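In: With the sequence up front, the predicted model follows.
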Amino acid sequence: MDNNLQELKNSIRDVPDFPKKGILFKDITTLLKNPKHLKSTVNMLAAKFKDKGITKVVGMESRGFIFGTPVAYAMNAGFVPVRKKGKLPSKTVSATYQLEYGTDTLEIHEDAISKGEKVLIVDDLLATGGTAKATAELVNKLGGKIEGVAFVIELNFLEGRKNLKEYEVYSLIQY
């Protein structure tokens, strides 16, 4: 791992037993508060896909908004939010996915992506891949062409890549 990535990894705080006992939470707020680390993170995510002709970056509620918007800006692309059911004001399409205990539903505006548009999906963390897979389903419903799925952090032991095997998956930091 190069020095820049090691610096980013070192800037992420571990919070034991959050949000529940037995979970070691990777807190990105310590990365976000450092302008150098934030800029490096955004630039590295954008650089990986700079030659793909991306026209839209899609970010999932809520930390995907934090990274997706500046990545879109850096790539001269538009940003599209994916939100939980009932949060978007206009007509939407939805995808329901499995959680550990139950299901959840994500939505995207039906006019957010045009058929054939090249899309990059961005989020802070790849765990099981359920949220990213549901987001990819939404992009596909609208006719977008997914050029990649990018994350700041990947928890390898949860094998989230298996849910995204048809896409190029990129993560800066792995645990």
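Out: Alright, I've got the coordinates. This one's a predicted model, so the numbers in the text were calculated from it and none came from an experiment.
In: Distance check, the residue nearest the centre of the chain against residue 51.
Out: Centroid-nearest residue in the chain: residue 123, 1.6 Å away (criterion: C-alpha atoms, centre = their mean). According to C-beta to C-beta, to the nearest Å, residue 123 and residue 51 sit 22 Å apart. For the C-beta atoms, the positions are set from N, CA and C on the backbone; glycine is no exception.
In: Pretty sure residue 171 sits against residue 152.
Out: Yes - assessed by C-beta atoms under 8 Å, residue 171 is found in contact with residue 152 at 7.2 Å.
In: Between these two, point out the one with more neighbours.
Out: residue 152 (26 against 20; other C-beta atoms under 10 Å).
In: Report the secondary structure state of that one.
Out: Here residue 152 is strand, with the state taken from DSSP: H, G, I helix; E, B strand; the rest coil.
In: got it, and the one 5 residues further on?
Out: Under the three-state scheme (three-state DSSP), residue 157 adopts helix.
In: Now do the contacts for it.
Out: If you count contacts by C-beta atoms under 8 Å, 6 or more residues apart in numbering, residue 157 has them with residue 175.
In: can you give me the helices in the protein?
Out: Along the chain, the segments classed as helices by DSSP state H run 3-11, 29-32, 35-48, 63-74, 130-141.
In: Compile those into CSV and extend it with columns for mean neighbour count and distance to residue 81.
Out: Below are the helices of the chain laid out as CSV (neighbours: other C-beta atoms under 10 Å; distance: least, C-beta to C-beta, whole Å):
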stretch, mean neighbour count, distance to residue 81
helix 3-11, 15, 25
helix 29-32, 17, 18
helix 35-48, 17, 17
helix 63-74, 21, 6
helix 130-141, 21, 11
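In: what's the nearest residue to residue 74 if we skip its chain neighbours?
Out: residue 46 (3.9 Å; C-beta to C-beta, 6 or more residues apart in numbering).
In: any low-confidence regions in the protein?
Out: 1, 100 (pLDDT under 70).
In: Contacts made by stretch 78-96 with the rest, please.
Out: 55-61, 64-65, 68-69, 72-73, 103-113, 119, 134-135, 137-138, 141-142.
In: Just the buried residues of that stretch, please?
Out: 78, 79, 80, 81, 82, 83, 88, 92, 94, 95 (16 or more other C-beta atoms under 10 Å).
In: In strands, which of these fall?
Out: 78, 79, 80, 81, 82, 83, 92, 94, 95 (DSSP state E).
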